[in-house]
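**Q** coords please:
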Amino acid sequence: MMRRVLWFLAVCGVVFVAFSLKDRHDRKRRRELWAEATD
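**A** Okay, the predicted model is just below:
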């Protein structure tokens, strides 16, 4: 039982980190595109 909870927390942590990294990357790219568009 405890092992299953730890697995669930680990999977949630990995998914959360992946989403936050992707969001940061998309935001950076969007800012660069915006800079080009308003240049």
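
**Q** Can I get stretch 29-39 as CSV, trimmed to CA atoms?
**A** In CSV, the C-alpha atoms belonging to stretch 29-39 read as follows (Å, rounded to 0.1, in the frame of the first residue of the first chain):
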residue,chain,number,x,y,z
ARG,A,29,9.5,31.2,-27.2
ARG,A,30,6.3,33.2,-27.1
ARG,A,31,8.2,36.3,-25.8
GLU,A,32,10.8,35.9,-28.6
LEU,A,33,8.0,35.7,-31.3
TRP,A,34,6.3,38.7,-29.7
ALA,A,35,9.6,40.6,-29.9
GLU,A,36,10.0,39.8,-33.6
ALA,A,37,6.4,40.7,-34.3
THR,A,38,6.7,44.1,-32.6
ASP,A,39,10.2,44.9,-34.0
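
**Q** Distance from the chain centre to that stretch, please.
**A** Centroid separation for stretch 29-39 versus its chain: 21 Å, with C-alpha atoms, centre = their mean, to the nearest Å.

**Q** Averaged pLDDT, that stretch. What do you get?
**A** Averaged across stretch 29-39, the pLDDT comes to 88.

**Q** Going forward, count from 26.
**A** All right, first residue 26 from here; so that's stretch 54-64.

**Q** Mind listing what's buried along it?
**A** Residues of stretch 54-64 classed as buried: none (neighbour count, 16 or more other C-beta atoms under 10 Å). (Each C-beta comes from the backbone N, C-alpha and C, glycine too.)
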